[in-house]
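All I have is the shape, not the residue letters:
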């Protein structure tokens, strides 16, 4: 028998982020009653928005009356050091789990993490032994402090105490369509390409030589949402960690040319020297106002669109990164995406929404 509507009440934590928006959309599509929590109080259409701060326990008091059956955690707070990441994100998880406990309504919690589970935090890349590629979910934790581990430990303890099941979803670089959220490589690269087009500058690969030549993968945000919702209703997914990537692999030396051709810009690959975006792109940012005015775009604030540091961090990795998807397939989730189509679909949606110029 299908669960009743009352048994399909979801809480999405981080509903304004790229992943949270996608999870909200997927839940609404499947007929769930969806409540979306964010500090801004923004949530996608069809979602009941909740304004709250995970670091303010009193703001989370309304969660007990919502009585969610499934909780989807798609947010984290970036701090200056990993020690601060651990302290702040552990506290956020503890406050959330405590706020949910009195209602005893939660059956499953899906937690989004990422491949830093295998690599270590940004500040410690290549400083310790990381797992070999392709990354497998049963690899032991690496001996480097990591806020993902802190989040998981709080989740595991709460699951044992409160009697719900959990799943962890280790995404790679997440790409897709979202509004008001900048930590998205697809939109960051699209804005960079438009700036290059407007100024006549070449579209320069900003990452490392390893990333340019090595094998990698990414995660379509809609695929991530599908897996997180699937896990919430699938007994075989209970108390399990899953990689989530598109299912294909590529090299940036191929993909960069495809993106450049889509935007009609000349391109340059890795030339022996890393050329990250953040130090270079500020000289081009002034052109965005002209692009917005010329095309009547919806968002004049470039900081709400592009996250140079985030794409630099992903593309600048000094080691190969891609994940094994066998566990998902064996447990019954075999959805996938073609990565070039994921990029193009995201670019097209940003154009349709008036965030990028129409051509």
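Noted; the coordinates are in hand. Keep in mind the model is a prediction, meaning the values are calculated, not measured. Residues are numbered from 1 along each chain as shown.

hey, let's count contacts and neighbours off CA atoms from now on
Will do.

Spell out the residue ranges of the helices in the stretch 101-250 of the chain.
With DSSP state H, counting those that start in this stretch as the criterion, the stretch 101-250 of the chain has helices at 116-119, 147-162, 185-199, 209-213, 221-232.

can you redo the ones you listed as JSON lines with mean neighbour count?
Formatted as JSON lines, the helices of the stretch 101-250 of the chain follow (neighbours: other CA atoms under 10 Å):
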{"stretch": "helix 116-119", "mean neighbour count": "23"}
{"stretch": "helix 147-162", "mean neighbour count": "18"}
{"stretch": "helix 185-199", "mean neighbour count": "22"}
{"stretch": "helix 209-213", "mean neighbour count": "21"}
{"stretch": "helix 221-232", "mean neighbour count": "24"}
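
Give me the distance between the residue nearest the centre of the chain and residue 154.
Closest to where the C-alpha atoms of the chain average out (CA atoms, centre = their mean) is residue 174, at 4.4 Å. The spacing between residue 174 and residue 154, counted by CA to CA, to the nearest Å, is 24 Å.

and if you look at residue 25?
On the measure of CA to CA, residue 25 and residue 154 end up 27 Å apart.

before we move on, the earlier item: could you check how far the residue nearest to the centre of the chain is from residue 29?
From residue 174 across to residue 29, the span is 21 Å (CA to CA).

Just the buried residues of the lengthiest helix in the chain, please?
As assigned by DSSP state H, the longest helix anywhere in the chain is helix 82-100. For helix 82-100, the neighbour count (16 or more other CA atoms under 10 Å) marks 82, 85-86, 88-97, 99-100 as buried.

ok so, going back, which among the helices of the stretch 101-250 of the chain is found nearest to residue 65?
Residue 65 lies closest, by CA to CA, to one member of the helices of the stretch 101-250 of the chain: helix 147-162, at 16.7 Å.

quick one, what contacts residue 203?
Residue 203 sits next to 192-193, 196, 260, 265-268 when contact means CA atoms under 8 Å, 6 or more residues apart in numbering.

what bridges to it?
residue 267 (DSSP bridges).

Quick one: residues contacting residue 95.
54-57, 60.

Could you dump the residues you listed into a markdown table with pLDDT, secondary structure and neighbour count added?
Output for the contacts of residue 95, formatted as a markdown table (pLDDT from 0 to 100; DSSP: H, G, I helix; E, B strand; the rest coil; neighbours: other CA atoms under 10 Å):
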| residue | pLDDT | secondary structure | neighbour count |
| --- | --- | --- | --- |
| 54 | 97 | coil | 25 |
| 55 | 97 | coil | 17 |
| 56 | 97 | coil | 13 |
| 57 | 97 | helix | 16 |
| 60 | 97 | helix | 20 |
